[in-house]
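Visitor: with the input below, show me the fold.
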Amino acid sequence: MASATPQMNGLFVSALADRLQGSKPGLEAQLRMCPDPRPGTQPVERVEHACAKAGVLALLYPHEDRLHLVLTLRTNHVENHQGQISFPGGKQEPGESLEEAALRETQEELGISAESVRLLGSLTPLFIPVSRFCIYPIVAVSGTRPDFHPSADEVDEVIEIPLDHLLDSQNTLRENWVVQGRELDVPFYSYREHKIWGATAMIMAELMALIDTKQTFPHR
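Guide: Okay, the predicted model is just below:
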């Protein structure tokens, strides 16, 4: 991967912002990282009247000459999805937008202020049948690596993943798992000791599909 120089980062941000305003890969891209079988593949438009809504932040930033994406390993003290790897974010509160929900929760979880990031647009919302949540991913960038201050109650680990690692197909694997008594064929992104799967991987799959790897991330 080429160095993420200011010019390179600027070109990336501009191209990604344009793609987020246009037609998106959508559910088709998300389903590439969907466990099989999945209890429902309904688009959000069919169920959003009856689901709880949450905004999550896909935050990109430069670090050590590479562009990174931040995830969190949730503690066992949070209300939902204990012990899982997820994007920072959470449930929408009355009177706030989904963007505001994502930014508020990101500040609570990681200590990142809304003023320090730039919102680029949104990915395709995703319905989670098991929890009856509709997840609305918001893409944002920071010009520098954030100064993380993770909440001890909510975050066990801050996971920083280089985008070129996610774009390398060798790091996308599949295994047969037993989850809640059901046998599943599970695709996941492998990063160090982590296996990133489920809704988080599905959202990441659409984000990766938006990126032109040949122009924005030429291989070294």
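Visitor: pull the longest strand from the chain.
Guide: strand 52-63 (DSSP state E).
Visitor: show me what that strand is packed against.
Guide: Applying 3 or more Cβ pairs under 8 Å, 6 or more residues apart in numbering; DSSP states H and E, one finds that strand 52-63 contacts strand 66-74, strand 89-91, helix 98-110, strand 133-141, helix 198-210. Where C-beta positions appear, they are placed from N, C-alpha and C, glycine not excepted.
Visitor: pairing partners for it, with directions?
Guide: In the sheet, strand 52-63 lines up against strand 66-74 (antiparallel), strand 89-91 (antiparallel), strand 133-141 (parallel) (DSSP bridges).
Visitor: what comes up buried for that strand?
Guide: 54-62 (16 or more other Cβ atoms under 10 Å).
Visitor: can you check stretch 200-214 too?
Guide: The neighbour-count check on stretch 200-214 (16+ other Cβ under 10 Å) flags 200-211 as buried.
Visitor: which residue sits farthest out from the middle of this structure?
Guide: Gly181 (26.7 Å; Cα atoms, centre = their mean).
Visitor: ok, back up a step: can you lay out the helices and strands packed on strand 52-63 as TSV showing distance to Gln42 and mean pLDDT?
Guide: Formatted as TSV, the helices and strands packed on strand 52-63 follow (distance: least, Cβ to Cβ, whole Å; pLDDT from 0 to 100):
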stretch	distance to Gln42	mean pLDDT
strand 66-74	25	93
strand 89-91	20	93
helix 98-110	19	97
strand 133-141	10	95
helix 198-210	13	94
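Visitor: nearest to Asp185, out of these?
Guide: Among those, the nearest to Asp185 by Cβ to Cβ is helix 198-210 (12.9 Å).
Visitor: output that closest one as PDB, nothing but the C-alphas.
Guide: Only the C-alpha atoms of helix 198-210 are listed here, as PDB (Å, rounded to 0.1, in the frame of the first residue of the first chain):
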ATOM      1  CA  GLY A 198     -21.800 -10.800  11.900                       C
ATOM      2  CA  ALA A 199     -23.300  -7.300  11.500                       C
ATOM      3  CA  THR A 200     -19.900  -5.600  11.900                       C
ATOM      4  CA  ALA A 201     -18.300  -7.600   9.000                       C
ATOM      5  CA  MET A 202     -21.400  -7.000   6.900                       C
ATOM      6  CA  ILE A 203     -21.100  -3.300   7.300                       C
ATOM      7  CA  MET A 204     -17.400  -3.400   6.600                       C
ATOM      8  CA  ALA A 205     -18.000  -5.400   3.400                       C
ATOM      9  CA  GLU A 206     -20.100  -2.600   1.900                       C
ATOM     10  CA  LEU A 207     -17.500   0.000   2.900                       C
ATOM     11  CA  MET A 208     -14.700  -2.100   1.300                       C
ATOM     12  CA  ALA A 209     -16.900  -2.500  -1.900                       C
ATOM     13  CA  LEU A 210     -17.000   1.300  -2.200                       C
END
